[in-house]
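**Q** Okay, predicted coordinates and the sequence, questions at the end:
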Amino acid sequence: MKPSRPSKETPTTINQDGSRFFIHPADVTGFFTRWRRVFALLLIGVYVLLPWIPIGGHPAIFLDVINRRFHLFGLTFAAQDLWMAFFFITGLGFSLFFVTALFGRIWCGWACPQTVFLEHVYRRIERWIDGDATARRKLDAAPWNGAKIGKRLLKNGIFLFISAAIAHLFLAYFISIPQLYSWMTNSPTEHWGAFVFMAVATLLIFGNFAWFREQLCLIICPYGRLQSALIDDDSLIIGYDEGRGEPRGPAKQEGFGDCINCYRCVQVCPTGIDIRQGLQMECIGCANCIDACDNIMSKLNRPKGLIRYDSQAGLAGQKRKFIRPRIFIYAALMLAGATAFTLSAMQLRSANMNVVRMTGRPYYVTEEVVRNQYMVRVINKMNEPRTFELRSSAEGQTYTMEGNEEGIIVPPLGEEVRPVIISIARKNYLGRFPLEFTLISPEGENILSREAEFLGPKPELLKEL
Ligand code: SF4
Ligand code: SF4
């Protein structure tokens with residue numbers, strides 16, 4: 001049995017016997033609901049379009065795992081550039097800290113894909129098929145008859161279709177659209193791995209949005225748990241003005257606050273909590289309770305904002321401090337990450353090159369020459385085949401290089417490994433020396449240089465041989 005009202009002692013979504021209590025939030029209308037819907041539609045549009053919008057010859061975001069190339073708004077990263085991800089991820093993490101310290105869980109309520117798809121896609125369809133919250137609860141409790149089976153089949157069929165679409169959309173960020181289309185139109189036997197991945201992803205998405213729902217926010221997502229560490233009394237949260245609302249009581253009687261204890265704010269809450277019990281980990285900042293309570297206040301001709309966006313200090317009647325030490329610290333860390341990433345991204349080139357010594361002996365001495373052998377790996381990050389030139393230089397040395405006679409031809413988004421041999425005549429050999437390899441683009445541009453060392457015996461030993 002479920003306790004009749006939400007309590008801070010136990011999650012609303014768990015019955016006293018430990019089973020799941022399925023929440024059916026009531027419909028709500030109002031300023032925040034309207035703008036959240038507009039914002040969600042925009043976001044869904046962005047999610048859908050990003051794999052289609054070409055920037056610099058690639059989709060705006062394309063994590064090409066097959067070719068180990070990552071395209072981000074015109075920048076191309078090879079696997080060798082992944083060290084930059086450290087700055088990107090830490091910068092992103094501190095941005096989240098910064099935004100949370102200022103605006104609480106605005107991400108969860110307005111932009112998280114879990115909320116966007118659940119509230120604005122799946123619940124809308126459920127509302128359309130099963131009716132409002134009361135009708136949905138009745139249908140849950142009703143015996144299995146023709147009407148219930150028909151509704152369940154229709155709803156879950158549509159959910160499954162949308163889940164498959166989201167899974168395909170998700171995959172479009174990792175493989176090219178033509179490749180995805182070919183997988184969709186060819187028999188699964190030609191690409192079993194991708195087919196199984198897609199089937200599992202579809203079922204996971206379906207299970208999440210059709211059944212698991214708010215449990216993902218409450219049990220799995222770590223962000224809600226971080227909330228207590230990231231926000232303080234001056235962060236913007238959604239809260240109840242206790243000073244104004246208490247003591248609760250009927251609207252028509254004297255001596256009570258503005259809260260008429262109608263429980264409307266609880267009925268619309270997608271995580272089933274009572275915001276009047278204070279800030280809780282389960283609150284995803286969706287603002288449904290603000291709109292619900294504002295509607296009640298409007299009907300009673302009382303000022304809106306009994307539940308509102310405010311800081312805990314503001315709700316307690318104190319002045320809200322916008323600028324605090326933690327804001328500076330998070331902003332500094334966020335800027336440090338963003339600056340490091342921008343500076344390193346500015347070093348990104350259209351090709352990459354590594355030079356390593358070939359396995360085996362470090363050098364070879366013949367009757368004529370001292371020889372060093374290197375393996376040069378050239379990575380082409382462009383979408384077309386390119387012929388690179390390899391040059392080498394060493395101050396004051398006279399030597400020959402083999403391995404670049406016709407240039408290094410590298411396929412689109414591919415790589416070429418080439419043995420390169422540097423030989424120096426014994427009479428010219430004066431000892432070890434530093435060597436620089438330079439990769440030249442087909443347009444004659446100096447792309448990058450790598451340092452190496454030419455090794456050999458002591459010159460006096462060579463004379464004795
Ligand atoms: S909706 Fe407003 S008036 Fe109704 S219970 Fe919630 S806080 Fe009180
Ligand atoms: S308490 Fe209000 S803002 Fe928080 S999740 Fe519930 S309805 Fe949304």
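**A** Thanks, I have it. Ligands and ions are numbered 1, 2, ... in the order given.
**Q** Spell out which parts of the stretch 201-350 of the chain neighbour ligand 1.
**A** 240, 245, 259-265, 276, 292-293, 296, 306-307 (CB under 6 Å from any ligand atom). Backbone N, C-alpha and C define where each C-beta goes, glycine included.
**Q** can you pick the most crowded of those residues?
**A** Most neighbours among those, by other CB atoms under 10 Å: C293, with 29 neighbours.
**Q** Contact partners for G414?
**A** Neighbouring residues of G414 by CB atoms under 8 Å, 6 or more residues apart in numbering: N67, I379, N380.
**Q** contact partners of stretch 156-175?
**A** Contacts to stretch 156-175, defined as CB under 8 Å, 6+ apart, come from residues 47-48, 50-51, 59, 61-66, 117, 121-122, 125, 129, 180, 183-184, 194, 197-198, 201-203, 205-206, 209-210.
**Q** Inside strands: which ones of the residues you listed?
**A** P59, I61, F62, L63, D64 (DSSP state E).
**Q** tell me which of the residues you listed is nearest to ligand 2?
**A** Lowest distance from ligand 2 to these (CB to the nearest ligand atom) belongs to I61, with 29.6 Å.
**Q** ok, how many other residues are close to the residue nearest to that closest one when sequence neighbours are not counted?
**A** Spatial nearest neighbour of I61, excluding adjacent residues (CB to CB, 6 or more residues apart in numbering): L50 at 4.9 Å. By the measure other CB under 10 Å, the count of residues near L50 is 17.
**Q** List the contacts of the helix or strand harbouring L335.
**A** L335 belongs to helix 325-346 when assigned by DSSP states H and E. With contact meaning CB under 8 Å, 6+ apart, helix 325-346 is reached by 75, 83-84, 87-88, 90-95, 97-98, 101-102, 232.
**Q** And stretch 74-84, by the same measure?
**A** Residues from elsewhere that reach stretch 74-84 (CB under 8 Å, 6+ apart): 55-56, 58, 60, 68-71, 85, 341, 344-345, 348, 350, 352, 354, 379, 381-382.
**Q** and the residue nearest to S441 when sequence neighbours are not counted, how many neighbours?
**A** In this structure, S441 finds its nearest non-sequential neighbour in I447, 5.2 Å apart by CB to CB, 6+ apart. Residues near I447, counting by other CB under 10 Å, number 17.
**Q** quick one: I447 is in a strand?
**A** Yes: assessed with DSSP: H, G, I helix; E, B strand; the rest coil, I447 lies in a strand.
**Q** Mind checking which of the contacts of helix 325-346 are in helices?
**A** 84, 87-88, 90-95, 97-98, 101-102 (DSSP state H).
**Q** Quick one: those residues as a markdown table, columns for pLDDT too.
**A** Output for the ones in helices among the contacts of helix 325-346, formatted as a markdown table (pLDDT from 0 to 100):
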| residue | pLDDT |
| --- | --- |
| M84 | 85 |
| F87 | 88 |
| F88 | 87 |
| T90 | 89 |
| G91 | 88 |
| L92 | 89 |
| G93 | 90 |
| F94 | 91 |
| S95 | 92 |
| F97 | 92 |
| F98 | 93 |
| A101 | 94 |
| L102 | 94 |
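**Q** Which among those count as buried?
**A** When those are checked for burial by 16 or more other CB atoms under 10 Å, the buried set is M84, F87, F88, T90, G91, F94, S95, F97, F98, A101, L102.
**Q** for those, which one is nearest S441?
**A** Here the nearest of these to S441, counting by CB to CB, is M84; it sits at 21.3 Å.
**Q** My guess is P434 contacts E451. True?
**A** Yes: applying CB atoms under 8 Å, one finds P434 in contact with E451, separated by 6.4 Å.
**Q** Who has more neighbours out of these two?
**A** The residue with more neighbours, out of P434 and E451, is P434; 12 against 9, by other CB under 10 Å.
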